[in-house]
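> The sequence and its predicted three-dimensional model are supplied below.
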Amino acid sequence: MPEAIDPHLADYANLRDVELRKSMEAEHGLFIAEGEKVIRRAVAAGHPVRSVLLTSRWAGPLADLLGPLGDRVHVVDDAVMEAVTGFQVHRGALAAMERLPLPRVEDLLSGREARRAPAEHEARSGGEPGSGHPVGRSTPAEHVAPRRILILEDLVDHGNVGAIFRCAAALGVEAVILSPRCADPLYRRSVKVSMGAVFAIPYARMTDWYAGLAELRAAGFQTLALTPDQSATPMDKVTMADRVALLLGSEGDGLSSRWLREADEAVCIPMSPAAMGMGVDSLNVVAAAAIACHGLMRAS
């Protein structure tokens with residue numbers, strides 16, 4: 001049983017220090033998956049396992065994944081787990097996983113980087129976690145160009161990003177594009193809140209944000225900018241094209257004026273008159289995303 005100072009546990013140190021973890025995880029190309037279900041979904045999506053840190057009660061449920069890892073499995077007691085990570089890990093198991101290269105935006109929009117179907121496992125057959133060969137067999141991607149996508153501009157809260165990915169996966173969104181400043185979907189809290197949905201939907205970062213609208217139009221997307229402004233077209237009244245990109249802005253400021261102005265149409269979720277009278281003029285970004293994604297699904 002390793003101690004908290006064991007260098008083999010460095011991947012798990014200070015998990016609550018957001019800035020430290022962001023820089024460290026980017027430098028080493030890793031992320032942390034928390035809990036059995038999320039770990040299995042990460043493996044099924046093809047992410048190799050670097051190591052696993054867990055308490056003894058989780059060794060049985062994860063035995064099929066742990067066997068090939070050998071000395072990269074670290075079983076500790078609750079006190080050591082908390083000392084290493086900086087918090088109580090209620091789900092009892094963490095895995096340091098390797099990141100995969102992000103697709104280019106043009107490949108995502110064309111369907112060359114498509115949503116992967118769930119692997120057979122979540123996955124109970126032999127493989128080589130940590131060696132680049134994930135346990136189980138991933139079903140090949142279907143090369144179908146996405147018709148319903150989300151564009152997230154400068155959402156900086158990791159929990160909100162994870163929750164939006166979960167909404168998107170549940171409601172038929174086929175791809176997500178992030179602005180350069182948008183929070184990392186593979187940050188531990190994003191992954192946890194999404195319940196692994198970040199592994200179900202392909203996503204990319206649009207590095208040239210100012211040229212983004214032109215790139216979407218060139219790919220044949222109608223762009224809809226979601227706004228709390230009640231003078232915009234109600235979401236359920238929009239005539240939608242075959243390919244639609246829904247634009248969502250940051251938690252506080254919403255979409256930038258440029259994207260709002262240059263989108264094909266500004267759309268809103270109608271609020272009740274009573275709510276407006278009480279000064280409740282908008283929904284939080286996750287609730288708005290869920291309702292708007294449902295609107296996209298119904299229209300398709």
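That came through, no problem.
> Which residue ranges make up each domain of the protein?
7-101, 148-299 (automatic domain parsing).
> Tabulate the ones you listed (CSV), appending distance to residue 111, mean pLDDT and mean neighbour count.
Yep, even glycine has a C-beta here, placed from its N, CA and C like the rest. Converted to CSV, the domains of the chain look like this (distance: least, Cβ to Cβ, whole Å; pLDDT from 0 to 100; neighbours: other Cβ atoms under 10 Å):
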stretch, distance to residue 111, mean pLDDT, mean neighbour count
domain 7-101, 17, 92, 18
domain 148-299, 9, 94, 19
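> Surely residue 164 is in contact with residue 287?
No - if you go by Cβ atoms under 8 Å, residue 164 and residue 287 don't touch, sitting 10.3 Å apart.
> nearest to residue 109, of the domains of the chain?
domain 148-299 (4.3 Å; Cβ to Cβ).
> Start from the N-terminal end of the stretch 101-250 of the chain and give the helices.
105-110, 158-170, 188-194, 212-218 (DSSP state H, counting those that start in this stretch).
> Can you give the contact residues for the second one?
If you take Cβ atoms under 8 Å, 6 or more residues apart in numbering as the criterion, helix 158-170 is touched by 18, 150, 152, 155, 173, 176, 182-185, 187-195, 197-198, 200-201, 203, 248, 251, 284-286, 289-290, 293.
> In strands, which of those appear?
150, 152, 176, 203, 248 (DSSP state E).
> What's opposite the first one in the beta bridge?
The reference is to residue 150. residue 176, residue 246 (DSSP bridges).
> wait, what's in contact with it?
164, 168, 173, 175, 176, 177, 245, 246, 248, 289, 293.
> Distance to residue 58 added to those, as CSV?
As requested, these are exported to CSV (distance: Cβ to Cβ, whole Å):
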residue, distance to residue 58
164, 29
168, 29
173, 32
175, 33
176, 31
177, 36
245, 41
246, 38
248, 36
289, 33
293, 33
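> Considering those residues, which is situated nearest to residue 266?
residue 246 (11.6 Å).
> what's the spacing between the lengthiest helix in the chain and its chain's center?
Counting residues, the longest helix found in the chain (DSSP state H) is helix 285-299. Between the centre of helix 285-299 and the centre of its chain there are 17 Å (Cα atoms, centre = their mean, to the nearest Å).
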